[in-house]
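In: here is my input; please provide its structure:
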Amino acid sequence: MSMPIGLLLKQVGPRPLAYYAWYQVQLRSGWIARRTPVRRWDEPPLEAWLAKGADRDKASARFLFDRPLAALPVLQQLQTRTEHPVAEVAAQIGEGAFRLFGGEPVPLGFPPAWLQLPLERAATAMSAERHWTAYLNDHSLDLRMLWELSRLGWVYPLARAYLLTQEHRYAEAFFALLNSWQESNPPNRGPNWISAQEVALRIMALSFGWFAFSDRLESDHARRAQLLTMIGVHANRIPPTLSYAKAQRNNHLLSEAAGLYTAGLLFPMLRHAERWKRSGRRLFLRALDDQVFSDGGYIQHSTNYHRLALSLGLWVARLAERNREPLPERSLAVLQRLTRALAALVDRESGGAPNLGSNDGSEVLPLSGCPHSDYRPVVQAASLAFDGQTAFPAGPWDESALWLGLAPASATEPSPAETGAGAASAAAIAAGDRSQIDFPRAGLYLLRGRRSWAALRCARFDSRPSQSDQLQLDLWWNGNNIGRDPGSYRYTRTGLEEAAAHNALTADNQEPMRRVGRFLWLERYPAVYLGRSAGEDSAEGGDATSGSLAAERWLTDRIRHRRSVVHAGDTLWVVIDDLLGSGEHQARLAWLLPDGEWDLKGEQLSLATEIDQLTLRIEPAQVQLALYRAGGQVAGDPAPNAEADESPDRVGWWAPSYGRRQPGLSLVARLRGPLPLRIASWWQLGQPDPSLASADGPLAEFLNDAD
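Out: Residues are numbered from 1 along each chain as shown. Now for the predicted structure:
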């Protein structure tokens, strides 16, 4: 597919393109290969990595926690309340079972095959025989799948289990896995050195291990030298390809800057430590300013990457605070905005969040026993660090804050010196409005009941989206995401990134945005937010709050889609989709729901979920309905023509995390005729309340206006 240069310049920007061009010049000239030569782990020896006159056994800087753990009793008590106790997870790792992308443990052997793709039907192994640049153009393999184990995320549960129990088997498992990884991945050789971001995330994990197993390292100088050399080699890999990270203008640059800062700050005995620290800090602060929107949204339009960016911000800010070089007030205010925006998207009952945008399964700080889908551990810790207060009541999610040296007041009385940036910059991050519901730069608008809420995607892009998801609507009820975003599954084309896989309307089976790369969409029409209204609570303090919001977008130069959302109480939601313009066209509306026991009769789908039951009625009666599960049609009308046949990879699926795809239910409505066309979706949650939809009920005024 040809790249439209003019459109790229306009929608991506000249600076990122210039950085990418410079990276390509460096790569193709061989300069990058010369800067990252293939070596053995002992070449050069540790002495060459040390600063002149440095003592390899010199105490490092302060880490996130001190030994012994002041919060040990609280941490041990939290293990009795968590879904995945860390001793259980660490024991599974010792038996060769690893939790990939936050999923269930997968038996991969101890040690695992580091160059073999996990979760594949057929074992596919790569080699580490060549320089990492030789693997750049091999797009036949899913490198993100390969990289998961080599992020060394398993270090965190082994380290936490060791600190909580002092059982030596966890330390021995750590060193055994580290030795095996080194043997399989010589410096700068093989696919695990392609991404400097992966290198940086390994630096964070290795640093956590250095301090967690410090008592073992003090008595074993060989292992200490091994780990220190490993950190030096990793930090040295990052600078040669920073132009690529700058070109991406996303979490790559944040991660690599955090890795450099970590290595430079915590290991001052290394020869280039001061340079790494200065460079990493400067790049990180600039990236924060560039990548976080004024409303706290994150530049990648992804909740998963929003969490990753916030995790990196927590790591860097806490290390800086602990070592008496706190981040500037301006940067702390940016992190506060980032925290509040993510907190607004987190369901308070389940900890889940809309599966918006790309989701590569990243959780770079796995410091609690909460499920991967639970965003409360990171948000709780960030709220303490940058807002000076907790975002949620006490719970197992408090564990992350404790490992980061923060003390939730619900768990233990915080020390004024250890409340972090939140207390240090109280004037700059004074209490704000936690009920914010409009995020125009992020392109998200929220509508809340007491037990149900919705998030509408409505963006005017000035950065790159990774999915075609304009006017996607997420609907939550009693902690259950009943109208959901399909996620990513993988970064190869799966169909889940397309508009037709989302809870939105398309026209004439056409994709409204143009995809020109794995992560790049162009010709992206903006969506326009039209406004909202809010009803009043019932006089009896009951469940009859109401509200509405509306937005629209152009699907083509001549056709536009307007979406209006209204709710009455928590149990009745109505979504009205209008296809506007001229001529005769086909409107296609899709809703992705959880898997469950279903019954489709006429225009109404009844569904029993894990939480309760719901019904979804589609109007008008002329609409053609079809229900799909796991890629196949299970009920309803046949497709009206061959062009309307649904891709089996696009309907009836959702991906909770990377590499994991599970059955869902896709209800697809089709309506053809002259414009305007209208499709109305009536969501009844739980037992129906006829008064809510009555002629004089809370929806009457809205529905009259919509007509």
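In: element containing L589?
Out: In this assignment (DSSP states H and E), L589 forms part of strand 584-593.
In: how about that strand: buried residues?
Out: H585, Q586, A587, R588, L589, A590, W591, L592, L593 (16 or more other C-beta atoms under 10 Å). From N, CA and C alone the C-beta is placed, and that goes for glycine too.
In: following that strand, which helix or strand comes up?
Out: Counting by DSSP H and E, what follows strand 584-593 is strand 597-601.
In: helices and strands around the helix or strand that that following strand is followed by, which ones?
Out: Note on strand 597-601: by DSSP H and E, the next helix or strand toward the C-terminus is strand 604-608. Contacts defined by 3 or more C-beta pairs under 8 Å, 6 or more residues apart in numbering; DSSP states H and E place strand 604-608 against strand 597-601, strand 613-619, strand 665-674.
In: turn those strands into TSV, including distance to F101.
Out: TSV is the format used below for the helices and strands packed on strand 604-608 (distance: least, C-beta to C-beta, whole Å):
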stretch	distance to F101
strand 597-601	28
strand 613-619	29
strand 665-674	23
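In: of all the buried residues of strand 584-593, which comes closest to F213?
Out: L592 (44.7 Å; C-beta to C-beta).
In: so in terms of bridging, what pairs with that closest one?
Out: S666 (DSSP bridges).
In: which pLDDT does the model give it?
Out: L592 carries a pLDDT value of 98.
In: same deal with the one 3 residues further on?
Out: In the prediction, the pLDDT value recorded for D595 is 95.
In: number of nearby residues for the closest residue to it other than its chain neighbours?
Out: Among residues not flanking D595 along the chain, P663 sits closest, at 4.9 Å (C-beta to C-beta, 6 or more residues apart in numbering). Residues lying near P663 (other C-beta atoms under 10 Å) number 14.
In: average pLDDT for stretch 373-391?
Out: 97.
In: quick one: distance of it to the chain centre.
Out: 15 Å (C-alpha atoms, centre = their mean, to the nearest Å).
In: quick revisit: make JSON lines out of the buried residues of strand 584-593 and add distance to L505.
Out: JSON lines is the format used below for the buried residues of strand 584-593 (distance: C-beta to C-beta, whole Å):
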{"residue": "H585", "distance to L505": "11"}
{"residue": "Q586", "distance to L505": "11"}
{"residue": "A587", "distance to L505": "6"}
{"residue": "R588", "distance to L505": "7"}
{"residue": "L589", "distance to L505": "5"}
{"residue": "A590", "distance to L505": "8"}
{"residue": "W591", "distance to L505": "11"}
{"residue": "L592", "distance to L505": "14"}
{"residue": "L593", "distance to L505": "17"}
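In: which parts of the stretch 351-500 of the chain are strands?
Out: In the stretch 351-500 of the chain, the strands defined using DSSP state E, counting those that start in this stretch lie at 438-439, 444-448, 452-457, 473-477, 480-483.
In: go through these and name the closest to S184.
Out: Using C-beta to C-beta, the nearest of the strands of the stretch 351-500 of the chain to S184 is strand 480-483, at 38.9 Å.
In: the strand holding L589 versus strand 665-674: what angle between them?
Out: 170 degrees (axes from the mean of the first three to the mean of the last three C-alpha atoms, to 10 degrees).
In: which residues does the residue nearest to Q467 when sequence neighbours are not counted contact?
Out: Spatially, and ignoring its direct neighbours in sequence, Q467 is nearest to E497 (4.4 Å; C-beta to C-beta, 6+ apart). By C-beta atoms under 8 Å, 6 or more residues apart in numbering, the residues touching E497 are S466, Q467, S468, S488, R515.
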